[in-house]
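1. Return atomic coordinates for the entry below.
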Amino acid sequence: MPTVRSVVRASGTLIAVLLVAAGPVLAVPAERASAAPETGQRSSGTAAANSRSLAISITGMTPRTANQNSTITLRGTLANHTGSAVSKITVKVFTSISPFSTRSGMASFAATGFLSSSVLPATDQLPGSVPNGATVHWSASYPAGAVYNSSTVAVYPIKVEASSPAVASQATVQTLLPYWPGKTGAIPLDVAWLWPLVDTPQQGACAGTLATTELSGSVASGGRLATLLDAGTAWTQADHLTWNIDPALLSDVSVMRGGHFTGGSAACSGRFAAKGSPAAASWLAKLKSTTAGQPAFLTSYANVDVAALSHAGLDANIRSAYQVGKTVAGQILPNTFGTTGEGTGDGTVLRAAWPADGIADRGVLTSLASDAGIRTLVLASGEARSATGNFDNALSRTTSDIGTRVSLLLADSQLTALLGAAQPSPTASGKFALTQNFLAQTAMISSEAPNLARALVVAPPPDWDPSSGEASALLKATHDAPWLRAVDLSKLDREASSVRSVQLKAKQVSKAELSDFHLDQVRVAGNGASLFKDLLFQPTADLTNRLAAAVASTASSAWRGAGAAAGAQVTANLSRYLADSEDKVKLIANKKILLGGTTGETPVSVLNGLDWPVRVRVVAASPAGSQLQAGPLPDPFTVQPHLTHTVHLPLHSSTIGTTTVQLQLVTENGSPLTRTAQSLSVEVTRFGRSLLIIIGAALGILVLTSAYRLQRKRRAGGGRGGSPDKTANAGGAG
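-> Presented below is the predicted three-dimensional model:
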């Protein structure tokens with residue numbers, strides 16, 4: 001089954017073709033345009049240029065929205081790919097007196113270009129001959145009042161056709177024309193733009209290090225992030241933009257401001273030194289100024305795949321990603337998010353989330369509500385029933401499984417797909433098509449129920465990459481369209497809190513989510529990070545936040561789909577970094593000792609090769625049933641960076657023989673450092689006791705012998721008239 005993202009992108013491509021449907025015939029004189037040949041420019045409209053054909057495109061239309069008094073002027077290019085010069089080319093403009101009644105009708109016209117009935121209000125006969133490979137300009141005009149007469153906001157089809165008697169096939173291209181009759185055309189839609197500043201996370205566990213140099217180009221003039229910030233800055237006040245910002249991006253750009261590193265291994269070696277980026281400093285300063293006091297909300301750090309983490313039971317990762325994200329944002333943009341990372345422009349707290357692809361089930365909703373305090377959830381339209389039933393409306397509401405009320409704001413999926421088709425370097429026809437179709441789509445939504453107050457959320461994809469012209473044109477169109485009224489997201493949030501509650505799907509797992517295998521590696525990395533933090537003695541907040549951020553980056557939604565390989569590398573690098581760090585704390589002990597008595601001790605040393613102090617305890621385990629006891633064990637002790645600390649492990653045995661004792665380090669909390677485990681062979685001989693017995697026996701014999709000899713000497717001395725003492729001192733007779 002295709003993912004929502006693939007369906008949305010496909011419909012966006014379909015919509016981007018532009019087009020409409022039907023009406024009777026009416027001819028109006030056309031205005032001739034210059035047709036001077038222009039070589040070197042390729043036409044790239046809806047009709048793709050192919051061999052042996054003409055290709056036509058629309059590059060502009062004035063006005064973009066018609067009324068009864070408008071004169072519609074279309075402009076474009078025509079390219080000759082037939083293989084020979086072509087003359088007598090006629091450009092015809094077809095439209096209909098009947099507007100579309102549904103968005104599906106617009107989509108059908110976009111797919112086929114079919115008009116069941118049409119009028120021909122304008123033609124243009126191109127003068128002269130168009131050489132093969134050449135591109136020429138065309139234009140045609142007609143009065144809107146001669147064709148259109150809707151009493152409400154409406155959308156009409158326009159189809160442009162180029163033909164010549166010398167060419168068998170015709171070239172066609174379509175567009176859409178919104179129509180606004182005046183003040184009574186419709187109740188304006190409240191439209192809220194989410195303006196995304198999200199990027200692929202660049203940092204891991206190595207301090208001051210970015211994975212690549214890609215971000216430097218993105219924040220520089222003309223780069224993706226610079227374009228989004230520039231357009232957003234220009235229109236944030238007029239269009240009440242709601243900024244959606246990834247704290248990981250803030251951290252990455254902040255690192256770039258000063259000297260930093262790029263690349264390198266998991267062990268933080270082999271890195272390339274880079275100078276501070278003036279572009280990064282300028283970008284971040286502009287962001288601070290632009291978003292201060294403006295409506296904004298944060299993604300989790302690295303915009304983690306909340307749905308995948310929730311489905312895998314990794315709610316602790318969700319909680320940690322939001323916590324570290326708030327900390328980072330509060331430090332870098334305090335005037336936007338405050339020190340707690342929860343500020344918004346109008347003084348209220350907007351705790352919102354826009355999960356990957358706008359998809360979430362009840363379990364994901366509950367995870368966000370309980371682990372991140374989310375009270376506003378932006379979802380793709382179709383994920384929940386709107387407050388107005390069959391009519392497009394962004395407002396809905398639900399309740400999480402922990403009982404919290406959550407506003408649901410439904411971002412229009414067709415608009416998300418349309419905006420996702422934007423290009424950083426579009427053709428003139430591509431730029432025109434994107435903006436004109438955006439206007440038409442919003443006008444069509446308004447025309448469904450023109451007298452019903454409704455809301456619209458416009459949410460571009462997180463990796464949105466429009467050109468500067470497209471981004472600005474879309475925001476200008478939002479401001480200028482009379483059927484739209486720009487508001488910030490918090491206004492819609494308040495309105496959604498009072499509508500009828502609905503239920504999300506109980507379970508919905510997208511195939512686009514991070515794989516089970518990847519999540520297993522995320523779990524391993526997370527456990528490694530927890531152990532490492534337990535090992536450290538009073539680690540700084542900066543270090544613990546860096547570790548939490550590195551773990552969050554392993555679960556970024558950027559690793560979905562084509563990003564899977566990069567995500568696997570990020571996760572593997574963190575696991576290797578943590579394993580290497582644990583290996584730098586070494587247990588040093590004798591491999592074998594000889595215990596000559598029932599008790600003794602052996603020195604055990606701990607070498608700390610880290611840059612931070614650690615606090616550990618030595619544990620020793622004898623085999624079950626063994627008569628050898630190791631301990632009592634010493635209390636936890638601190639080992640300073642790059643130093644060694646030695647303790648003495650007591651040993652006691654009631655029998656002789658050889659016993660293997662398992663030694664290992666554990667953290668102060670008792671978490672084992674399994675990589676420090678080693679064996680100690682203890683041989684108990686009782687040789688010391690035996691020697692004492694032998695020496696004691698020998699001394700006893702010596703004492704008895706001496707006494708016996710003394711007695712004999714005394715007796716011998718008495719028999720010869722000498723005194724016993726003198727005889728003894730003289731040595732006597734043997």
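
2. all contacts plus neighbour counts: C-alpha atoms, from now on.
-> Will do.

3. Now do the strands in the stretch 451-600 of the chain.
-> Taking DSSP state E, counting those that start in this stretch to define them, one finds strands in the stretch 451-600 of the chain at 455-458, 484-486, 585-589, 592-595, 599-608.

4. any chance of those in JSON lines, plus distance to W464 and mean neighbour count?
-> Shown next, in JSON lines, are the strands of the stretch 451-600 of the chain (distance: least, Cα to Cα, whole Å; neighbours: other Cα atoms under 10 Å):
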{"stretch": "strand 455-458", "distance to W464": "12", "mean neighbour count": "26"}
{"stretch": "strand 484-486", "distance to W464": "20", "mean neighbour count": "22"}
{"stretch": "strand 585-589", "distance to W464": "45", "mean neighbour count": "20"}
{"stretch": "strand 592-595", "distance to W464": "64", "mean neighbour count": "17"}
{"stretch": "strand 599-608", "distance to W464": "47", "mean neighbour count": "18"}
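
5. Endpoints of stretch 418-434, how far apart?
-> By Cα to Cα, to the nearest Å, the extent of stretch 418-434 from end to end equals 7 Å.

6. Buried residues, it. List them.
-> Buried residues in stretch 418-434, defined by neighbour count with 16 or more other Cα atoms under 10 Å: 418-424, 426, 428-434.

7. Closest to I359 out of those?
-> Nearest to I359 out of the buried residues of stretch 418-434 is G420 (Cα to Cα; 16.7 Å).

8. Any chance you could list what contacts stretch 513-520?
-> D305, A307, A308, L309, A312, A555, S557, W559, R560, A564, A568 (Cα atoms under 8 Å, 6 or more residues apart in numbering).

9. Please point out which parts of it sit buried.
-> By neighbour count on 16+ other Cα under 10 Å, the buried set for stretch 513-520 is E513, L514, H518, L519.

10. Nearest to P127 among those residues?
-> The closest of those to P127 turns out to be E513 (Cα to Cα; 56.6 Å).

11. returning to that earlier point: can you pick the most crowded of the contacts of stretch 513-520?
-> For those, the largest neighbour count, defined by other Cα atoms under 10 Å, is 31 neighbours, found at A555.

12. Give me the phi and psi for the closest residue to that residue other than its chain neighbours.
-> Excluding the flanking residues, the one nearest A555 by Cα to Cα, 6 or more residues apart in numbering is V304, at 5.2 Å. Main-chain torsions, V304, degrees, to the nearest 10: phi -60, psi 160.

13. so what's V304 up against?
-> V304 neighbours (Cα under 8 Å, 6+ apart): I318, A321, A552, S553, A555, S556, S557.

14. now do P131
-> The contact partners of P131, by Cα under 8 Å, 6+ apart, come to P37, N80, S84, A85, V86.

15. tally of neighbours for the nearest residue to the third one once chain neighbours are set aside?
-> Distances taken as Cα to Cα, 6+ apart put N132 closest to S84, at 4.8 Å, once the chain neighbours are dropped. For N132, the count of nearby residues is 18 (other Cα under 10 Å).

16. how about N132, secondary structure?
-> Here N132 is coil, with the state taken from DSSP: H, G, I helix; E, B strand; the rest coil.

17. ok, it touching N80?
-> Yes: contact status for N132 versus N80: in contact at 5.2 Å, counting by Cα atoms under 8 Å.

18. Pick the one among the buried residues of stretch 418-434 closest to L578.
-> The nearest member of these to L578, counting by Cα to Cα, is G420 at 37.9 Å.

19. Surely the closest one is in contact with P462?
-> No: between G420 and P462 there is no contact under Cα under 8 Å: 9.2 Å.

20. quick one: which of the contacts of V304 is nearest to S381?
-> Of all the contacts of V304, S557 has the smallest distance to S381: 20.0 Å, by Cα to Cα.

21. and the residue nearest to A555, how far is that from Q503?
-> Taking Cα to Cα, one finds V304 at 24 Å from Q503.

22. and if you look at E513?
-> In terms of Cα to Cα, E513 sits 22 Å off from Q503.

23. Kindly report the same for T638.
-> 54 Å.

24. before we move on, what about G609?
-> From G609 to Q503 the distance is 54 Å (Cα to Cα).

25. Looking at these two, which one has more neighbours?
-> A direct count of neighbours by other Cα under 10 Å for G609 and Q503 places G609 higher, at 20 against 15.

26. from what I can see S490 touches L350, true?
-> Yes: the criterion here is Cα under 8 Å, and S490 meets it with L350 at 6.6 Å.

27. Which parts of the stretch 251-400 of the chain are helices?
-> Assigned by DSSP state H, counting those that start in this stretch, the helices in the stretch 251-400 of the chain fall at 278-291, 306-311, 315-332, 334-337, 362-372.

28. If you tally nearby residues, what's the number for S84?
-> The number of residues near S84, taken as other Cα under 10 Å, comes to 12.

29. Tell me the secondary structure of it, please.
-> coil.

30. Surely it touches A166?
-> No: taking contacts as Cα under 8 Å, S84 lies outside contact range of A166: 10.0 Å.

31. OK, contacts around the closest residue to R576 other than its chain neighbours?
-> Nearest residue to R576, sequence neighbours excluded (Cα to Cα, 6+ apart): A266, at 6.1 Å. Residues counted as contacts of A266 (Cα under 8 Å, 6+ apart) are C206, N573, L574, R576, Y577.

32. now do 7 Å
-> By Cα atoms under 7 Å, 6 or more residues apart in numbering, A266 lies in contact with N573, L574, R576, Y577.

33. Same list (the residues you listed) but as TSV, adding distance to S622.
-> Putting these into TSV (distance: Cα to Cα, whole Å) gives the following:
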residue	distance to S622
N573	36
L574	35
R576	31
Y577	32
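
34. and the residues you listed, which of them are in helices?
-> Of the positions in the contacts of A266, N573, L574, R576, Y577 sit in helices, assigned by DSSP state H.

35. what about the third one, how many neighbours?
-> Spelled out, that is R576. 16.

36. three-state assignment of A162?
-> strand.

37. my guess is it contacts V173, does it?
-> No: the criterion here is Cα atoms under 7 Å, and A162 misses it with V173 at 9.0 Å.

38. Now the common contact residues for those two.
-> I56.

39. Would you mark the buried spots in the helix or strand hosting A107?
-> Secondary structure assigned from DSSP states H and E places A107 in helix 103-112. Residues of helix 103-112 classed as buried: R103, M106, A107, S108, F109, A110, A111 (neighbour count, 16+ other Cα under 10 Å).

40. Could you give the average pLDDT over it?
-> Mean pLDDT, computed over helix 103-112, is 91.

41. With stretch 685-704 instead?
-> 54.

42. same check, this time on stretch 69-84
-> Mean pLDDT, taken over the full extent of stretch 69-84, equals 96.
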